[in-house]
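*Asks:* predicted model follows, preceded by the sequence.
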Amino acid sequence: MTSRKKKKYSKKAVLPKTKNHQVAENQDNSSRPKEIQEVQVVQEAYSGPLPHPAILQQYNEIVPGAAERILEMAEQNAKHSRNLQFAALKAQKSEIRIGQLFGFGIGISALSTSIIAMYFGFPTVAGIIGGTTVVGLVTVFIIGRSSSRSSQNNTDSSQA
């Protein structure tokens with residue numbers, strides 16, 4: 001996305017006329033006719049992966065085929081960025097899946113340990129192992145999801 005901003009500033013100055021069009025210091029300028037000069041400053045700013053078409057045309061005049069090469073470079077850069085984003089999403093999906101599998105394994109192990117402890121007559125140990133594991137896993141999933149959502153919201157708002 002290329003955007004073009006153009007600002008135009010205008011400033012008028014009243015200068016006394018002299019022979020050489022220079023301002024004479026420490027002289028009475030009331031009897032001399034005055035000349036008005038207008039100065040305009042134009043400021044242009046462009047943003048985006050491609051320069052403005054007029055600039056592309058100037059590149060092409062200097063080096064034939066330069067505009068086409070610049071366009072190809074921008075297309076390759078965009079393709080590379082999309083590939084990186086896709087790879088990052090794929091890695092994140094894999095990381096989440098592995099975390100879920102490990103969490104499931106830990107939960108099953110803790111619950112089976114608490115069942116075995118209960119079977120051998122240790123209800124306090126079974127309650128502690130089973131209770132803390134369930135509470136811990138639920139806490140990790142709730143806090144993990146809320147913190148990942150808040151960090152995702154921060155990333156989305158900073159990109160906008």
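*Replies:* Thanks, I have it.
*Asks:* tell me the mean pLDDT for the helix or strand hosting Glu68?
*Replies:* Of the helices and strands defined by DSSP states H and E, Glu68 is found in helix 66-119. Average pLDDT, helix 66-119: 91.
*Asks:* show the backbone phi and psi for Gly121.
*Replies:* Per-residue torsions, Gly121: phi 90, psi 30 (degrees, to the nearest 10).
*Asks:* how many neighbouring residues does it have?
*Replies:* 8 (other C-beta atoms under 10 Å). For the C-beta atoms, the positions are set from N, CA and C on the backbone; glycine is no exception.
*Asks:* and it, what does it touch?
*Replies:* By C-beta atoms under 8 Å, 6 or more residues apart in numbering, no residues touch Gly121.
*Asks:* next, count neighbours for the closest residue to Gly107 other than its chain neighbours.
*Replies:* Once flanking residues are discounted, Gly107 sits nearest to Leu137: 5.3 Å by C-beta to C-beta, 6 or more residues apart in numbering. By the criterion of other C-beta under 10 Å, Leu137 has 16 neighbours.
*Asks:* which strand or helix spans Leu137?
*Replies:* Per DSSP H and E: Leu137 is located in helix 123-159.
*Asks:* coming back round to it: which ones are touching the residue nearest to Gly107?
*Replies:* Leu137 makes contact with 103, 106-107 under the criterion C-beta under 8 Å, 6+ apart.
*Asks:* adding neighbour count and distance to Ala45, write those residues out as JSON lines.
*Replies:* Output for the contacts of Leu137, formatted as JSON lines (neighbours: other C-beta atoms under 10 Å; distance: C-beta to C-beta, whole Å):
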{"residue": "Gly103", "neighbour count": "15", "distance to Ala45": "50"}
{"residue": "Ile106", "neighbour count": "14", "distance to Ala45": "55"}
{"residue": "Gly107", "neighbour count": "16", "distance to Ala45": "56"}
